[in-house]
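Colleague: the following block contains a protein sequence and its predicted model.
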Amino acid sequence: MVPEWLSVKDNYIPKEEKNVYIQKSIFSLIKIISIIRQNKNQDRLVYSINPILKVASIIIMILCVSISRSFIYLLIIDIYVLINLFLMETKLMKRILFKSFMFPLITLIALIPSMLYGNIYNSLLLFQKLIITILLMNLLSHNTKWSEISKSLKLLFIPDIFIWIMDITIKYIVLLGEHSINLLYALKLRSVGITPNKYNSLTGIMGNLFVKSYKMSEEMFHAMECRGFVGEYTTKVNLKLKKVDYVYLAINIFLVSLFTYL
């Protein structure tokens, strides 16, 4: 005999609940990972330039912008950066512009008291330099692979410890980001209806991430020890320049010479 309670139709309908925080956290993590893992081999001009040349040129350009006191030179660099920006995809261009103007605008608001006291020139100069520097770094990160940047930094005699920290940081952002996405999806799927302790589970996720990162660091240490890694990077020089590289080099030499002239 089947019990009567088994034959009763289940009409349970969970109450609606907003998962905005969890959903936004998942989307933000996916966006960060997609930016790091995006394919940068598109058939566009900015992607075909030699990465060593790009990294060296941008470092020199940032130094020139930092030292410069001329508005005319900074405006010329603005035009140069905008031309590079318009050569990229529309979606990436909008993303770079949004990121590059957000923090300088906050800085400009903080400089308003200084401008009211008459220090307008230096304040606007600082604002201009911030925009150019952030735009240059965003352009480099979006049109060059991280592995190519690491190789270029090694060839430019950057200390190995700096390159190692950057590589490990980017790697763990991806790995721990993917682990966080899985944990957030698990929390979302197991939270049916209104669960008052849902957000208390976020502390458990943070603790899980800490334990996971600790275990991964130990595993990486033992793997490096087994492979005989002593913290030194080796890479081959790739200075096969194409026509676009010579044009890019000529433009940057012109901009540096313009800096010394102005």
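Modeller: Noted; the coordinates are in hand. Residues are numbered from 1 along each chain as shown.
Colleague: hey, let's count contacts and neighbours off CA atoms from now on
Modeller: Will do.
Colleague: low-confidence ranges in this protein?
Modeller: 1-2, 11-21, 37-44, 191-200, 231, 235-239 (pLDDT under 70).
Colleague: what distance separates the start and the end of stretch 101-120?
Modeller: 19 Å (Cα to Cα, to the nearest Å).
Colleague: identify each buried residue in it, please.
Modeller: Using 16 or more other Cα atoms under 10 Å as the test for burial, stretch 101-120 gives 101, 104, 108, 111, 115.
Colleague: mind checking which of the residues you listed land in helices?
Modeller: When those are checked against helices (DSSP state H), the matches are 101, 104, 108, 115.
Colleague: thought the first one was touching Ile131?
Modeller: Yes. Between Phe101 and Ile131 a contact is recorded at 6.4 Å, counting by Cα atoms under 8 Å.
Colleague: helices along the chain, start to end?
Modeller: According to DSSP H, the helices that the chain contains are 4-7, 20-37, 51-67, 71-86, 90-110, 112-116, 120-143, 146-155, 160-190, 201-226, 243-261.
Colleague: so the last one versus helix 71-86, what angle?
Modeller: When axes from the mean of the first three to the mean of the last three Cα atoms, to 10 degrees is applied, the directions of helix 243-261 and helix 71-86 differ by 160 degrees.
Colleague: which residues does Leu153 contact?
Modeller: 52, 55, 163 (Cα atoms under 8 Å, 6 or more residues apart in numbering).
Colleague: doesn't Leu74 make contact with Gln128?
Modeller: Yes. The criterion here is Cα under 8 Å, and Gln128 meets it with Leu74 at 7.2 Å.
Colleague: returning to what we had before: which among the contacts of Leu153 end up buried?
Modeller: 52, 55, 163.
Colleague: which residue, other than its chain neighbours, is closest to the first one?
Modeller: Right, Ile52. Ser152 (4.7 Å; Cα to Cα, 6 or more residues apart in numbering).
Colleague: likewise for the last one?
Modeller: The shortest distance from Ile163 to any residue that is not its chain neighbour, by Cα to Cα, 6+ apart, is 6.1 Å, and that residue is Ser150.
Colleague: what's the neighbour count on Ile165?
Modeller: Residues contacting Ile165 under the criterion other Cα atoms under 10 Å number 11.
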